[in-house]
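Trainee: Whatever this is, show me its structure:
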Amino acid sequence: MASKKEINEFIKSQKSIQFYKKVQKALKDVLSEMSDEDYREVTKNLILMVLHEGALGQVMHFPPMKSKFKILQLTFPKKIPIDVLRYVVAHELGHVNQGRNWEENDGISLETDADKTAERWGFTRNKNIAKWMKEHGDKLGF
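Mentor: Predicted structure coming up:
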């Protein structure tokens, strides 16, 4: 498991979440449950793009990088429950952990795998989370 110091330094490095305390908390909670191997794979060259509800866009400038990097964009409603946000963060980091983009022949296998990874880290899509996502999904695109 990564140390609290490592996790806090990673979160501090993510400039797009500096004003979003709830996102910082959810991210810290999820990263704290990962194995060292998963933590290293997920955070290596990861750049979060987090937008609050109502934001149309955001620009981030990146220094030159020698190896592949990953960008995770997260748009969230201001009143999202913390358990839902934790699940969404864990699910999306599950996709980062897959190390590749979706391909047509994948069907829903990458989604299922991301759910299983989130669950392995302790963040299961339960009835309350599924209900909230269903009620708000049309507005948010999920």
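
Trainee: Could I get the CA-only coordinates of stretch 34-43 as CSV?
Mentor: C-alpha atoms of stretch 34-43 as CSV (Å, rounded to 0.1, in the frame of the first residue of the first chain):
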residue,chain,number,x,y,z
MET,A,34,-4.7,-0.2,-3.7
SER,A,35,-1.8,-2.5,-3.6
ASP,A,36,1.6,-1.0,-4.2
GLU,A,37,1.6,-2.5,-7.7
ASP,A,38,-1.8,-1.1,-8.6
TYR,A,39,-0.9,2.3,-7.1
ARG,A,40,2.3,2.6,-9.1
GLU,A,41,0.6,1.5,-12.4
VAL,A,42,-2.4,3.8,-11.9
THR,A,43,-0.5,6.9,-10.9
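
Trainee: For that stretch, list every residue counted as buried.
Mentor: Met34, Asp38, Tyr39, Glu41, Val42, Thr43 (16 or more other CB atoms under 10 Å). C-beta here means a position set from N, CA and C on the backbone, and glycine is covered the same way.

Trainee: Heading C-terminal from the helix or strand harbouring Ala114, find the next helix or strand.
Mentor: According to DSSP states H and E, Ala114 maps onto helix 109-120. The C-terminal neighbour of helix 109-120 among helices and strands, as given by DSSP H and E, is helix 127-140.

Trainee: residue closest to the middle of the chain?
Mentor: Val89 (3.1 Å; CA atoms, centre = their mean).

Trainee: What segments of the protein are helices?
Mentor: Per DSSP state H, the chain carries helices over the ranges 4-13, 21-31, 36-43, 82-98, 109-120, 127-140.

Trainee: low-scoring pLDDT stretches of this protein, where are they?
Mentor: 54-65, 137-142 (pLDDT under 70).
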